[in-house]
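Undergrad: sequence and predicted structure are below.
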Amino acid sequence: MDFNPNQEYAIAARGVRKTYRASGKSPAKEALKGIDIHVKRGSIFGLLGPNGAGKSTFINILAGLVGKTAGEVSVWGFDLDANPRQVRAALGVVPQEINMEVFFTPLEGLEIQAGLYGVPKSKRRSMEILRALGLEEKADAYVRNLSGGMKRRLLVAKAMVHSPPILILDEPTAGVDIELRKQLWEYVMELHAQGVTIVLTTHYLEEAQELCEEIAIIHNGEVVACEPTEKLISSLDRKMLMVTPAEELNGHLDLGAFDVEIKQDGRLAIPYQPSKTQVAEILESLSSAGVMVKDLSTVESDLEDVFLELTYRKSA
Ligand SMILES: Nc1ncnc2c1ncn2[C@@H]1O[C@H](COP(=O)(O)OP(=O)(O)OP(=O)(O)O)[C@@H](O)[C@H]1O
Ligand SMILES: [Mg+2]
């Protein structure tokens, strides 16, 4: 894709590198190895990857918290190096780490934040935002008395005080219970419906699959895949058939065209490509091999498999 810093993209990044300097006993770390990411305006974009992949590093570069070593970034048409203030105004960032002023109430905190962004009093909507995030009752409580999940939602509220066109959420659901998580996503979807561009990071393929229109997978500081969600999922084309045999199998089993692994609990794990293979064919070959099936299920490939496959594909 061509680098297009202009109208089409909310965020355009090209060749972004970050090497953290060595300090004390830790050696220098190349956290981003030249990544290209384009986020369309108005979309929900997922940044997926295991611990240490470089997701937060990328987000912190956008947020101006970490300086990039190389590369170009433009946010809402503004170059990060030339127009850092405009970039900051275009972004609401919810950081991964919860760190906030605990001496103010949520309402005071939002008002201060709005002041920092120069939002005039008449344009402030602090209570409205608190209400949308289910924090209305806590508006005048001490922040230090909020639960972890409430603090996280308060961070989302703070990110939205200046009504930025882009909201970036770094691991927004860590430590948030199911009910509140639902509420958080409802709010995010509502913002999306209003036209806000959403970027979120997560470890969970399922979460990204459910919410995001496009997903970039980062692994070891590199983008190993970046595609519309459906395309990505179908291109993975890998499932596992798990079979519980009626009788315990001893030792070796040959299924001809299919690989099979006998698990410790006696179940058989048979990987296959749904686009090429029908489960019935696998069952036939089990039957020919004299295996009676007691139970079976299929599982999607998990994220670790996906990373391995994509990384392998890339280096192959
Ligand atoms: N301030 C820092 N100084 C030195 N190294 C850092 C710093 N921040 C991150 N790193 C290293 O850079 C790499 C990428 O870290 P980063 O926090 O971007 O990963 P992540 O994808 O957000 O992981 P997680 O899913 O655990 O949040 C890691 O190896 C990490 O140890
Ligand atoms: Mg992170």
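TA: On my side now, so go ahead. Numbering: from 1, shown residues only. Ligands and ions are numbered 1, 2, ... in the order given.

Undergrad: so the closest residue to ligand 2 within the stretch 51-200 of the chain, which state does it fall into?
TA: The minimum distance from the stretch 51-200 of the chain to ligand 2, using Cβ to the ion, falls at Ser56 (3.1 Å). For glycine as for every other residue, the C-beta is placed from the backbone atoms N, C-alpha and C. Secondary structure state of Ser56, per DSSP: H, G, I helix; E, B strand; the rest coil, is helix.

Undergrad: could you do the one 4 residues further on as well?
TA: What three-state DSSP gives for Asn60 is helix.

Undergrad: is it true that it touches Val66?
TA: Yes. Using Cβ atoms under 8 Å, Asn60 makes contact with Val66 at a distance of 4.0 Å.

Undergrad: okay, the two: which has more neighbours?
TA: Applying other Cβ atoms under 10 Å to Asn60 and Val66 shows that Asn60 carries more neighbours, namely 20 against 17.

Undergrad: after the strand or helix carrying Ala12 comes which helix or strand?
TA: Taking DSSP states H and E as the definition, Ala12 sits inside strand 9-20. Later in the chain than strand 9-20, the nearest helix or strand by DSSP H and E is strand 29-40.

Undergrad: can you list contacts of that following strand?
TA: Applying Cβ atoms under 8 Å, 6 or more residues apart in numbering, the contact partners of strand 29-40 are 1, 3-4, 8-20, 45, 47, 54, 57-58, 61, 68-71, 166, 197, 199, 214, 216, 218, 220-223, 226.

Undergrad: which neighbours does it have in its sheet, and in what orientation?
TA: strand 9-20 (antiparallel) (DSSP bridges).

Undergrad: quick check, the strand it pairs with touching ligand 1?
TA: Yes. With Cβ under 6 Å from any ligand atom as the criterion, ligand 1 is reached by strand 9-20 at Tyr20.

Undergrad: from now on call the first residue 265
TA: Okay, using 265 as the starting number, the last item reads as strand 273-284.

Undergrad: buried residues, that strand. List them.
TA: For strand 273-284, a neighbour-count test (16 or more other Cβ atoms under 10 Å) marks Tyr273, Ala274, Ile275, Ala276, Ala277, Arg278, Val280, Arg281, Lys282 as buried.

Undergrad: how far does it sit from its chain's centre?
TA: 16 Å (Cα atoms, centre = their mean, to the nearest Å).

Undergrad: likewise stretch 354-372?
TA: 20 Å.

Undergrad: ditto for stretch 330-338
TA: That offset, for stretch 330-338, works out to 20 Å (Cα atoms, centre = their mean).

Undergrad: contacts for it?
TA: Taking Cβ under 8 Å, 6+ apart as the rule, stretch 330-338 contacts 267, 269-270, 273, 275-283, 296, 298-299, 321, 324-326, 343-345.

Undergrad: now it: average pLDDT?
TA: Stretch 330-338 shows a mean pLDDT of 97.

Undergrad: buried ones in that stretch?
TA: Val330, Lys332, Thr333, Gly335, Glu336, Val337, Ser338.

Undergrad: also near ligand 1: which of those, exactly?
TA: Of the buried residues of stretch 330-338, not one also sits near ligand 1 (Cβ under 6 Å from any ligand atom).

Undergrad: so which of the residues you listed belong to strands?
TA: Gly335, Glu336, Val337, Ser338 (DSSP state E).

Undergrad: give me every residue in the stretch 265-414 of the chain lying close to ligand 1.
TA: Tyr284, Lys293, Ala295, Gly313, Asn315, Gly316, Ala317, Gly318, Lys319, Ser320, Thr321, Gln360.

Undergrad: which residue would be the closest one in the stretch 465-580 of the chain to ligand 1?
TA: Proximity to ligand 1, evaluated over the stretch 465-580 of the chain using Cβ to the nearest ligand atom, is greatest for His467 at 6.0 Å.
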